[in-house]
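>>> Quick one: sequence and predicted model below, then my questions.
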Amino acid sequence: LSYYYKIPILIAWSTTGAALLITSAQGYSLNQAVGAFMFSALLMFISGITGWFEKVMQRIPSQIACAMLAGVLVTFGIDVFNFMAK
């Protein structure tokens, strides 16, 4: 969209993706972060097109997936409150 309209366009991010970027992107250059993001997008595209993602997700119990999401979000939430307390 940004290329087509020639202006920066921000689209929706997943909550876990945003939390992961905020907590783990420190210490890397912008070029490295963009490269890693593009590589992961390629891997997600390939896994979606081939059906690998669906096969893996059918094997993971929903309780485990929810617990993983909660683990990421709790750490992010605690850090926010710790920052506000300073």
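Sure, I can see it. Residues are numbered from 1 along each chain as shown.

>>> now the nearest residue to Met44 once chain neighbours are set aside: how far from Ile60?
Using C-beta to C-beta, 6 or more residues apart in numbering and skipping the chain neighbours, the partner closest in space to Met44 is Phe53 (7.5 Å). (C-beta placed from N, C-alpha, C; glycine too.) According to C-beta to C-beta, to the nearest Å, Phe53 stands 11 Å off from Ile60.

>>> Leu69: neighbouring residues, count only.
By other C-beta atoms under 10 Å, the residues close to Leu69 number 14.

>>> no, scratch that, I was asking about Ile22
Ile22 has 12 neighbours, counted by other C-beta under 10 Å.

>>> what does Leu21 give?
Neighbours around Leu21, by other C-beta under 10 Å: 14.

>>> what's the helix or strand for it?
helix 15-24 (DSSP states H and E).

>>> Mind checking the pLDDT average for that helix?
The pLDDT scores in helix 15-24 average 68.

>>> which element follows that helix toward the C-terminus?
helix 30-50.

>>> Please name every helix or strand in contact with that next one.
helix 52-59 (3 or more C-beta pairs under 8 Å, 6 or more residues apart in numbering; DSSP states H and E).

>>> can you list contacts of the helix it packs on?
Met44, Ile46, Ser47, Ala65 (C-beta atoms under 8 Å, 6 or more residues apart in numbering).
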